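Peer 1: Got a sequence here, can you model it:
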Amino acid sequence: MSVKVDLLVSARRIYSVDKAFSLAECIAIRDGRVVAIGRRDDIETSYQAPEKLDFGEAIIYPGFIDPHCHFLSFGYVLQRADLFASKSWEETVERLVAHAAGGGDYWVQGRGWDQNAWSPREFPTKDLLDRAFPENPVCAIRVDGHAAMANAKALSLAGIDQDTVVDGGIIAKSADGGLTGLLLDNAVNLVKNAIPAPDDATKRQALEVAESRCLAAGLTSVSNAGTELDDLLLMDKMQEEGGLRIRVYAMLAASQANIERFAPRGPLLKDRLTARSFKMYADGALGSRGAYLLEPYADDSTNRGLLTLNPKELERVCGIASASGFQMNVHAIGDAAVRLVLDTYEKFLIPGNDRRWRIEHAQVVHPDDLKRFGKLSVIPSVQTTHATSDMGWTEDRLGPGRMGRAHMYRQLLEQNGWLANGSDFPIEKIEPLRGFRSAVFRKDDAGLPKGGFHIENALSREQALRAMTIWAARANFEEDEKGSLEEGKWADFTVLDTDLMLADEAALWDVTVLATGIAGGILFNRG
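Peer 2: Reported below is the predicted structural model:
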């Protein structure tokens with residue numbers, strides 16, 4: 001007699017991504033979890049369901065997981081002026097003007113400009129902003145979120161003048177001492193803090209539209225890096241109401257409010273919302289010369305970047321995390337920042353531990369520090385698209401002698417035998433398949449460079465798939481619940497029209513997400 005289940009899902013090929021990297025053709029699902037997976041004939045003979053989903057010649061994978069992104073911020077980006085891929089500062093300001101003309105808030109906000117894509121590759125000044133917006137305050141965030149341009153009105157409302165100083169940040173000045181409007185790293189927060197906080201209705205809309213875009217990209221789980229208490233409570237309420245269906249791993253901002261609420265009671269663990277880590281920022285970004293380096297920038301010999309936290313505060317929070325069972329997730333891009341974080345972690349981690357404390361990004365790592373990842377079981381949480389997005393100017397920043405330290409993903413993987421690969425959206429596009437291509441082929445969206453960018457640090461196809469499924473789940477302590485399609489785990493899956501393991505390289509630049517399922521429910525269907 002066949003066993004009754006809720007749903008049978010079948011396709012030409014199903015990658016379970018279990019330890020053996022097993023293949024299957026059909027999944028039996030009950031109460032949102034995998035009951036059995038195997039050959040179609042075997043499953044359909046052994047299990048009976050009132051509903052069957054046959055995806056024909058498509059390929060099914062475990063639901064894609066982004067282990068490092070800015071989920072709520074992405075929702076806000078979609079509400080504000082789109083400055084991505086602007087070809088000049090003039091075009092950037094034009095986009096801000098067009099956005100403001102559509103009506104909206106007193107504050108004009110946008111994100112996405114990148115001076116490295118312009119000619120010349122120079123930071124702008126606020127003159128155009130001041131002329132275009134004499135009455136409205138403007139805050140235009142750079143693509144990486146670590147720099148911003150503000151007009152005179154915004155600077156005034158933020159209380160910034162020629163004498164303002166901020167630790168871990170730069171308020172840029174011209175040769176005559178005037179403010180240029182450029183703010184780097186912690187200085188950006190001075191303006192952000194002057195902007196009225198979004199109300200819950202605005203946050204809800206941002207979360208809902210972000211979820212819709214993520215599901216369409218094949219994502220079933222996202223890790224929101226730097227979650228404030230009010231935002232977490234709203235996410236929790238929405239998920240309890242069924243208004244937010246994607247799974248969220250919330251890295252808590254290391255604020256006193258979050259520490260006081262969660263450290264005494266331990267991690268928050270729910271089916272679709274987890275909070276068990278503290279997120280901090282050790283430095284800025286390489287593109288804005290804020291990444292903290294051991295030696296000066298090759299294109300700015302007076303600058304080593306910015307340390308954006310007090311080392312004593314990092315040690316204090318690490319002590320709290322160690323005592324309360326929380327994970328640490330620290331942003332460190334430059335090799336000096338990576339070394340500082342490893343030095344601090346070493347005070348709390350013993351070899352062979354399973355704390356899974358992470359370094360987010362780890363874009364530049366000194367060779368002397370590489371093996372410390374393995375010794376301390378520190379997990380690299382990387383974004384392979386950063387290598388291919390930044391490759392046009394990375395050597396300008398580091399010089400040829402330090403290029404071997406940059407984006408060394410294969411060498412980082414070898415330290416513990418695994419790593420997690422995300423996107424860091426909205427800094428990058430949300431599509432996880434871009435990360436897969438960048439990991440395997442080290443090429444950008446145009447398929448360049450022909451031989452791959454420092455191809456010696458490419459991952460295999462299997463490694464790249466694991467890094468966005470089971471290893472991403474493991475980086476969040478969730479590998480027993482998701483990340484692979486195995487008996488007892490959540491039936492989260494992504495359906496593609498292409499076999500990522502077997503298709504020709506060229507075909508992987510034209511892959512379509514056909515459907516996305518969470519707990520057996522189809523939440524996106526291209527139809």
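
Peer 1: got a list of what Trp452 touches?
Peer 2: For residue 452 the amino acid is Gly, not Trp. Residues counted as contacts of Gly452 (CB atoms under 8 Å, 6 or more residues apart in numbering) are 441-443, 458. C-beta here means a position set from N, CA and C on the backbone, and glycine is covered the same way.

Peer 1: out of those residues, which are inside helices?
Peer 2: Phe441 (DSSP state H).

Peer 1: Which pair of the contacts of Gly452 spans the longest distance?
Peer 2: Lys443 and Ala458 (9.7 Å; CB to CB).

Peer 1: now the strands for the stretch 101-250 of the chain?
Peer 2: Taking DSSP state E, counting those that start in this stretch as the test, the strands found in the stretch 101-250 of the chain are 108-113, 138-142, 147-150, 169-173, 179-185, 219-227, 247-253.

Peer 1: Nearest to Ile27, out of these?
Peer 2: That would be, of the strands of the stretch 101-250 of the chain and by CB to CB, strand 219-227, which comes in at 14.4 Å.

Peer 1: Show me how far the closest one is from its chain's centre.
Peer 2: Put simply, strand 219-227 sits 7 Å off its chain's centre (CA atoms, centre = their mean, to the nearest Å).

Peer 1: Equivalent analysis for stretch 313-328, please.
Peer 2: With CA atoms, centre = their mean, you get 22 Å for stretch 313-328.

Peer 1: Quick check: buried residues in that stretch?
Peer 2: 314, 317-318, 321-322, 324, 326-328 (16 or more other CB atoms under 10 Å).

Peer 1: closest to Ala201 among the residues you listed?
Peer 2: Nearest member of the buried residues of stretch 313-328 to Ala201, counting by CB to CB, is Phe326, at 31.1 Å.

Peer 1: Wait, that closest one touches Leu269, no?
Peer 2: No - the pair Phe326 / Leu269 is not scored as a contact, 12.0 Å apart, by CB atoms under 8 Å.

Peer 1: Of the buried residues of stretch 313-328, which belong to helices?
Peer 2: Using DSSP H, the subset of the buried residues of stretch 313-328 located in helices is 314, 317-318, 321-322, 324.

Peer 1: Could you export the buried residues of stretch 313-328 to JSON lines, including columns for distance to Thr220 and pLDDT?
Peer 2: Putting the buried residues of stretch 313-328 into JSON lines (distance: CB to CB, whole Å; pLDDT from 0 to 100) gives the following:
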{"residue": "Leu314", "distance to Thr220": "32", "pLDDT": "98"}
{"residue": "Val317", "distance to Thr220": "30", "pLDDT": "98"}
{"residue": "Cys318", "distance to Thr220": "31", "pLDDT": "98"}
{"residue": "Ala321", "distance to Thr220": "27", "pLDDT": "98"}
{"residue": "Ser322", "distance to Thr220": "31", "pLDDT": "97"}
{"residue": "Ser324", "distance to Thr220": "28", "pLDDT": "96"}
{"residue": "Phe326", "distance to Thr220": "24", "pLDDT": "98"}
{"residue": "Gln327", "distance to Thr220": "21", "pLDDT": "98"}
{"residue": "Met328", "distance to Thr220": "25", "pLDDT": "98"}
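
Peer 1: now for those residues, which pair is the farthest apart?
Peer 2: Using CB to CB, the pair of the buried residues of stretch 313-328 lying farthest apart is Leu314 and Ser324, separated by 16.0 Å.

Peer 1: which regions of this protein lie under the pLDDT threshold?
Peer 2: Counting by pLDDT under 70, the chain contains no low-confidence range.

Peer 1: domain ranges for it?
Peer 2: Annotated domains of the chain cover 1-63+483-527, 80-192 [automatic domain parsing].

Peer 1: thinking again about what came up before, now flag whichever of the contacts of Gly452 is closest to Thr302.
Peer 2: Set against Thr302, the nearest of the contacts of Gly452 by CB to CB is Arg442 (32.0 Å).

Peer 1: JSON lines for the ones in helices among the buried residues of stretch 313-328, including distance to Gly38?
Peer 2: Shown next, in JSON lines, are these (distance: CB to CB, whole Å):
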{"residue": "Leu314", "distance to Gly38": "48"}
{"residue": "Val317", "distance to Gly38": "46"}
{"residue": "Cys318", "distance to Gly38": "45"}
{"residue": "Ala321", "distance to Gly38": "41"}
{"residue": "Ser322", "distance to Gly38": "43"}
{"residue": "Ser324", "distance to Gly38": "42"}
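
Peer 1: just these now: which is nearest Phe21?
Peer 2: Of these, the one sitting nearest to Phe21 (CB to CB) turns out to be Ala321, at 33.5 Å.

Peer 1: check contacts around that closest one.
Peer 2: 263, 277-278, 327-328, 357.

Peer 1: In the protein, spot the helix with the most residues.
Peer 2: helix 200-216.

Peer 1: What helices and strands are in contact with that helix?
Peer 2: helix 71-77, helix 229-241, strand 513-518, strand 521-525 (3 or more CB pairs under 8 Å, 6 or more residues apart in numbering; DSSP states H and E).

Peer 1: Let me see the residues that make contact with that helix.
Peer 2: Counting by CB under 8 Å, 6+ apart, residues outside helix 200-216 touching it are 66, 71-72, 74-76, 78-79, 198, 222, 231, 234-235, 238, 243-246, 430, 513, 516, 523-524.

Peer 1: go with 6 Å
Peer 2: 71, 74-76, 78, 222, 234, 244, 246, 516, 523-524 (CB atoms under 6 Å, 6 or more residues apart in numbering).

Peer 1: And the buried ones among these, selectable in PyMOL?
Peer 2: Buried members of those, defined by 16+ other CB under 10 Å, are picked up in PyMOL with:
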select buried, resi 71+74+75+76+222+234+244+246+516+523+524
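
Peer 1: Name the residues of stretch 230-238 that come out as buried.
Peer 2: Across stretch 230-238, burial judged by 16+ other CB under 10 Å covers 231-232, 234-236, 238.

Peer 1: In a markdown table: those, plus distance to Arg204.
Peer 2: Converted to a markdown table, those look like this (distance: CB to CB, whole Å):
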| residue | distance to Arg204 |
| --- | --- |
| Asp231 | 11 |
| Leu232 | 14 |
| Leu234 | 7 |
| Met235 | 10 |
| Asp236 | 13 |
| Met238 | 7 |
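
Peer 1: From those residues, pick the one nearest Ile470.
Peer 2: Met235 (24.3 Å).

Peer 1: Next up, the contacts around the closest one.
Peer 2: Residues near Met235 by CB under 6 Å, 6+ apart: Val248.

Peer 1: Mind doing that once more with 8 Å?
Peer 2: 207, 224, 227, 244, 248, 250, 273.

Peer 1: distance of the third one from Val77?
Peer 2: The reference is to Thr227. Thr227 sits 17 Å away from Val77, going by CB to CB, to the nearest Å.

Peer 1: what does the second one give?
Peer 2: According to CB to CB, Asn224 stands 14 Å off from Val77.

Peer 1: Equivalent analysis for the fourth one, please.
Peer 2: For Leu244, the distance to Val77 under the criterion CB to CB works out to 18 Å.

Peer 1: Check Tyr106 too.
Peer 2: Using CB to CB, Tyr106 is found at 19 Å from Val77.

Peer 1: Next: Ile14.
Peer 2: On the measure of CB to CB, Ile14 and Val77 end up 34 Å apart.

Peer 1: With Leu293 instead?
Peer 2: 29 Å.

Peer 1: Could you pull out the helices in the stretch 251-400 of the chain for me?
Peer 2: Here the stretch 251-400 of the chain has its helices, by DSSP state H, counting those that start in this stretch, at 256-262, 311-324, 335-345, 367-375, 384-390, 394-398.
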